[in-house]
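Pasted the sequence and its predicted model underneath.
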Amino acid sequence: MSPSLPSANQSPIQIPGHLDWHRGNGGLPKLRLTSDSAEAEVYLQGAHITHFQKNGQPPILFTSGSSRYEKGQPIRGGIPLIFPWFGPKEGAVAHGFARVSEWRLIEASLHPTAGVTAKLELETTTYEGHPFTLTLAITLTDTLGLTLITTNNSTDQVLEFEECLHTYFQVGDISTVRILGLNGARYLDKTDGFAEKVETRERIDIASETDRVYQDTTDTVDIVDPSLGRTLRVEKTGSRSTVVWNPWEARAKQLPDFGDEEYHRMVCVESGNVGTNRVRLAPGETSQLSVILSVVPPLN
């Protein structure tokens, strides 16, 4: 039986014309957010944003045409929400349970600058016996703003976790894309046995499988895309890691929920705190990870 849309008892919150409920792919419930200048969609499973597009422009986010939309299965593309671990974990889903768990809409309001804000909360409230609260605030105007808020509800235990907004961006042609903002940063090269290296290029090009975890970097990242004549900007706060990923040809063919040729049209630039940058919250403490995604005039 396909999942049903939330009933009025489950979630009466809506703002007609700005925040509406819909039945998404696979029957999964989703929200459609609309501002004066953009639109976005978010699935309640995983608080997973699958679509962000400014009026009259190409989509900003990439979502695979081969993605699964099934209860308990991750969606390939958009913005998977990674928590409380990054990467594989024996006996558990890769990248943590938050992206395949149910969330609920707890608040919604119109934004002063012709937009809308929605706040979702993860229904899961413990991790390895540690009580916590995890919420995601989404603000859509002419940009997309996300704030992931984690609170350690324990009175006597430290909560340690990794987190990441695993953003897939749509590009016209990966061979022409250049990524700016990471020059001088240390990174772990996962395609080279996790070798630690230093980024020496001001403009990073992608010409093969790329999987890098840049550490101790808080800078804004620009994705220059000549094919679509635009630059996508990732501004972040509360984040000390940036991950850059493209599976390239061979790896793409190994992924069952990713088209063989789709690597040409995407690149992941992820903001978070992973590895040595993982978060440690003392009892009662709260942390925030925020990004603002925008389109800026083309950079040379």
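Perfect, I can see it now.

Local confidence estimate at His111?
Looking at His111, its pLDDT reads 87.

which residues pair with it across the strands?
Taking DSSP bridges as the rule, His111 bridges to Gly115.

need the contact list for it.
The contact partners of His111, by Cβ atoms under 8 Å, 6 or more residues apart in numbering, come to Ser35, Thr117, Thr139, Leu140, Thr141. Quick note: C-beta positions are derived from backbone N, CA and C, even for glycine.

what residue ranges in the chain score low on pLDDT?
The chain contains residues with pLDDT under 70 at 1-12, 300.

any idea where the helices of it begin and end?
248-254 (DSSP state H).

Where neighbours are concerned, which of the contacts of His111 has the most?
Neighbour count (other Cβ atoms under 10 Å) singles out Leu140 as the most crowded of the contacts of His111, with 27 neighbours.

how many other residues sit next to Lys30?
21.

got it, and Glu90?
4.

next one: Thr155
Counted with other Cβ under 10 Å, Thr155 comes out at 8.

ditto for Leu293
Leu293, neighbours per other Cβ under 10 Å, totals 24.

do the one 5 residues further on as well
Neighbour count for Pro298, taken as other Cβ under 10 Å: 12.

Check Tyr168 too.
24.

again with Glu249
Counted with other Cβ under 10 Å, Glu249 comes out at 12.

what about the nearest residue to Asp156 once chain neighbours are set aside, how many neighbours?
Residue nearest to Asp156 in three dimensions, not counting chain neighbours: Pro283, with 5.8 Å by Cβ to Cβ, 6 or more residues apart in numbering. Pro283 is flanked by 14 other residues according to other Cβ under 10 Å.

wait, doesn't Pro283 sit right on Phe132?
No: in this structure, Pro283 is not within contact of Phe132 by Cβ atoms under 8 Å, at 10.9 Å.

between the two, what contacts are shared?
Asn152, Ser154.

contacting residues for the residue lying closest to Gly181 once chain neighbours are set aside?
Leaving out its chain neighbours, the residue that sits closest to Gly181 by Cβ to Cβ, 6+ apart is Val221, at 4.0 Å. Applying Cβ under 8 Å, 6+ apart, we find Val221 in contact with Ile179, Leu180, Gly181, Leu182, Arg233, Val234, Thr242, Val269.

Same list (these) but as JSON lines, adding distance to Ala250 and neighbour count.
Compiled in JSON lines, those are given as follows (distance: Cβ to Cβ, whole Å; neighbours: other Cβ atoms under 10 Å):
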{"residue": "Ile179", "distance to Ala250": "21", "neighbour count": "24"}
{"residue": "Leu180", "distance to Ala250": "27", "neighbour count": "18"}
{"residue": "Gly181", "distance to Ala250": "28", "neighbour count": "21"}
{"residue": "Leu182", "distance to Ala250": "25", "neighbour count": "20"}
{"residue": "Arg233", "distance to Ala250": "31", "neighbour count": "18"}
{"residue": "Val234", "distance to Ala250": "27", "neighbour count": "23"}
{"residue": "Thr242", "distance to Ala250": "24", "neighbour count": "29"}
{"residue": "Val269", "distance to Ala250": "22", "neighbour count": "24"}
